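Asker: Provide a 3D model corresponding to the input given below.
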Amino acid sequence: MNHCFLILAIALIATSCKEGASNQTEEATTEQRPLREVLPGVWESTSIRVEVNTAENTDSSYVFEVKEEEWAERLGSRPIRFYFQLDNKYRQEFVALNDEVMSTARGIWNTFGDTLMLIEPNATYQYQVVTGKGLAEFRTMLDWDGDGQEDDSFLGTHRQISRTTE
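Answerer: Model (predicted):
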């Protein structure tokens with residue numbers, strides 16, 4: 001009787017190990033597509049969250065967060081739009097509530113693994129990007145509060161609204 005129990009236990013362990021290996025293989029085959037293939041198109045901001053540390057060189061910290069449904073009221077503008085072109089050029093538009101373009105940033109973009117670099121004539125920005133289900137999260141450390149230290153954690157979430165920039 002003990003031998004039957006031992007054989008059954010070994011069979012169950014072997015089966016669960018095979019299932020675990022099968023799940024790992026499935027996860028590896030559904031790996032995230034490269035950023036350079038995912039980014040082209042138009043992306044619209046849905047939220048931003050900034051954890052400001054040592055605000056203005058003090059010991060205080062705070063969180064600045066704007067969700068999609070609060071965007072117009074809190075920021076007085078439409079959500080920010082990124083236009084990523086296939087030729088690695090991009091533009092970022094800031095649009096007023098009356099649909100007038102308030103400002104535009106332009107530059108070139110490139111990716112290195114999960115890192116997105118945005119290069120403008122007078123600045124370079126670098127984000128860690130995670131994409132999936134038509135969304136992209138851009139994370140970076142920056143100087144949100146203007147205290148001279150890039151110690152503020154930024155998370156911007158964007159939704160792809162078009163696969164082309166036409």
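Asker: contacts, neighbours, all on C-alpha from now
Answerer: Will do.
Asker: low-confidence ranges in the chain?
Answerer: 1-31 (pLDDT under 70).
Asker: ok, the spatially most central residue of it - contacts?
Answerer: A centroid search over the chain (CA atoms, centre = their mean) returns E137, at 1.4 Å, as the residue closest to the centre. Neighbouring residues of E137 by CA atoms under 8 Å, 6 or more residues apart in numbering: 128-131, 155-158.
Asker: Please name the bridge partners of S47.
Answerer: The bridge-partner assignment for S47, based on DSSP bridges, gives T157.
Asker: measure it to P40 for me?
Answerer: Using CA to CA, to the nearest Å, one gets 20 Å for the distance from S47 to P40.
Asker: and D147, that's in a helix?
Answerer: No. Counting by DSSP: H, G, I helix; E, B strand; the rest coil, D147 is located in no helix; its state is coil.
Asker: Next, count neighbours for it.
Answerer: 13 (other CA atoms under 10 Å).
Asker: For it, which residues are in contact?
Answerer: Taking CA under 8 Å, 6+ apart as the definition, contacts of D147 comprise 55-57.
Asker: which one of these is nearest P34?
Answerer: A55 (35.8 Å; CA to CA).
Asker: In contact with that closest one, which residues?
Answerer: 61-62, 145, 147.
Asker: Drop anything exposed from the residues you listed.
Answerer: Listed as buried from these are D145; burial here means 16 or more other CA atoms under 10 Å.
Asker: farthest-separated two in the contacts of A55?
Answerer: Largest pairwise distance in the contacts of A55, by CA to CA, is 14.0 Å, between Y62 and D147.
Asker: To what extent is the residue lying closest to R159 once chain neighbours are set aside buried, counted in neighbours?
Answerer: Excluding the flanking residues, the one nearest R159 by CA to CA, 6 or more residues apart in numbering is L135, at 4.6 Å. As a burial measure, L135 scores 16 neighbours (other CA under 10 Å).
Asker: Alright, calling it a day.
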